[in-house]
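Enquirer: Compute the structure for the input listed below.
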Amino acid sequence: MTKVDPSSSLQCAVSVDARTLRCPLPLLRAKQAMRDLAVGERIIVRATDAGSVRDFHAFVQLAQHRLIEFIDAGDEYIYVIEKGGSA
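Expert: Prediction:
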């Protein structure tokens with residue numbers, strides 16, 4: 001887990017607000033949103049469920065996506081994911 005500056009400006013094609021949703025819903029919403037993205041496009045996901053940390057880190061490894069940025073803001077987790085070669 002990496003803490004980074006939340007003021008970082010990254011270009012994202014899609015934003016998913018999964019705050020208040022419990023696992024596995026944040027990951028499922030992200031996967032649905034990523035279906036229409038081209039390889040190399042990015043998505044930003046905001047979640048509040050601590051279980052999402054484990055889920056998203058495992059997901060990017062298994063699906064060959066790239067976790068560009070992860071922000072642990074205490075009560076919110078922000079993920080910027082770049083779509084890889086597989087869905």
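Enquirer: Arg29 and Phe70, how far apart?
Expert: In this view, Arg29 and Phe70 are 17 Å apart by Cβ to Cβ, to the nearest Å. Placement of C-beta: from N, CA and C, glycine included.
Enquirer: doesn't Ala33 fall inside a strand?
Expert: No. Read with DSSP: H, G, I helix; E, B strand; the rest coil, Ala33 is helix and lies in no strand.
Enquirer: how close does His57 sit to Tyr79?
Expert: Distance of His57 to Tyr79, given as Cβ to Cβ: 9 Å.
Enquirer: Could you pull out the residues contacting both of these two?
Expert: Shared contacts of His57 and Tyr79 (Cβ atoms under 8 Å, 6 or more residues apart in numbering): 67, 70.
Enquirer: and the two? which has more neighbours close in?
Expert: Taking neighbours as other Cβ atoms under 10 Å, His57 and Tyr79 compare with Tyr79 leading, 26 against 14.
Enquirer: so which strand or helix has the residue most central in space within the chain?
Expert: The centre of the chain sits closest to Tyr79, judged by Cα atoms, centre = their mean, with a distance of 3.5 Å. Using DSSP states H and E, Tyr79 maps to strand 77-82.
Enquirer: Now do the end-to-end distance for stretch 72-85.
Expert: End-to-end distance for stretch 72-85, by Cα to Cα, to the nearest Å: 27 Å.
Enquirer: buried sites along that stretch?
Expert: Residues of stretch 72-85 classed as buried by neighbour count (16 or more other Cβ atoms under 10 Å): 77-83.
Enquirer: returning to that earlier point: skipping its backbone neighbours, what lies nearest the residue nearest to the centre of the chain in space?
Expert: Counting by Cβ to Cβ, 6 or more residues apart in numbering, Val45 is the residue found nearest to Tyr79 once chain neighbours are left out, at 4.5 Å.
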